[in-house]
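In: pasting the sequence and the predicted model now:
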Amino acid sequence: MTLKEVKDILDAEVFVGHDQLEMEVSTAFGADLMSDVLAFAKSGSLLLTGLTNPQIVRTSDVLDIAAIIIVRGKRPQPETIQLAEELRIPLLSTKYILFETAGRLYSKGIVGCVEKVSEKRDFL
Amino acid sequence: MTSCEALRFEKSFRVQGKSFENAGHISGRVKALLQRMNLSSDVVRRASVVTYEAEINICSYAERGRILLRVRPKFLTIEAIDEGQGIADIELAMKEGYSTATDKIRQMGFGAGMGLSNIKRFSDTFRIFSETGKGTHLKMIIRID
């Protein structure tokens, strides 16, 4: 689905990326621990997180995350918005909690970027 | 893997210690450089992740440090060398979940004791040297062939 559809499903506010809402997304990863995002999230996925600091953008840049969805109605810090603009990573915020955000997207066809983690390292 | 293989690229980056203002900036630059070298996305991702975790460690714990990237025909090396408190018990520090992170580090989504194990997991070869009160030296090798 498009990021525009994601935005509508989540009734989300767009902070960065008004011009990128046509991008297609099909997978997501959700976590507040950036080390786990680095270990398990896949490029091209949505990142669902409750954090709002610039490291969510740095982490997304390193992994080529498609777009960041901040959950639980939190608002990104000004430095986070600035960095997302600089690196051209869409940044949205939804009032839904992480569980609801994931469930609403899953029911419309977005799946996890991995189903289960594997014992050995697992790339891309 | 002999180190006498022709060096294709070498660059050293300074990392500011005890500051998160620019944390991740060097990793972004390393990623962009490697992408321009037409390396596989798998190699770029692994190199970027280990650089990022190493950079976060310097920003979290060291007074100052540098990250050294070297690219050779068959592999690349990333070294993170810092001056700082060092690690007293490396075996313990390598354990998933063990951390000495402050609240500030945890608030940023790090400091859960996954950094060094992530670095090890994403490298083909990982070496760590540390001396208490002096600093830490990480060396990661990633094959690109």
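Out: Great, that's in hand.

In: contacts, neighbours, all on C-alpha from now
Out: OK.

In: in this structure A:Leu91 contacts A:Gln82, no?
Out: No: taking contacts as C-alpha atoms under 8 Å, A:Leu91 lies outside contact range of A:Gln82: 10.5 Å.

In: look at A:Gly112 and say how many residues are nearby.
Out: 18 (other C-alpha atoms under 10 Å in any protein chain shown).

In: any idea of the pLDDT on residue 119?
Out: In the absence of a named chain, this looks at chain A. In this model, A:Glu119 is scored at 66, pLDDT.

In: was after chain B, sorry
Out: pLDDT, B:Ile119: 96.

In: what ranges do the helices span in the chain?
Out: No chain was given, so I picked chain A. A:3-9, A:34-40, A:55-63, A:78-87, A:98-107 (DSSP state H).

In: actually chain B
Out: Under DSSP H, chain B gives helices at B:25-36, B:41-61, B:90-94, B:103-107, B:115-122.

In: could I get the average pLDDT for the third one?
Out: Taken as a whole, helix B:90-94 has a mean pLDDT of 94.

In: other residues contacting that helix?
Out: Applying C-alpha atoms under 8 Å, 6 or more residues apart in numbering or on different chains, the contact partners of helix B:90-94 are B:Ile87, B:Tyr98, B:Ser99, B:Gly113, B:Leu116, B:Ser117, B:Ser130.

In: what's the closest non-adjacent residue to the fifth one?
Out: Closest residue to B:Leu116 in three dimensions, ignoring its sequence neighbours and counting by C-alpha to C-alpha, 6 or more residues apart in numbering or on different chains: B:Met94, at 5.8 Å.

In: now, of the helices of chain B, which is deepest in the fold?
Out: helix B:41-61 (a mean of 24; mean count of other C-alpha atoms under 10 Å in any protein chain shown).

In: contacting residues for the residue nearest the centre of chain A?
Out: Central residue of chain A (C-alpha atoms, centre = their mean): A:Leu47, 2.2 Å from the mean position. For A:Leu47, the contacting residues are A:Ala28, A:Phe29, A:Gly30, A:Ala31, A:Ala41, A:Ser60, A:Ile65, A:Ala66, A:Ala67, A:Ile68, A:Ile69, by C-alpha under 8 Å, 6+ apart.
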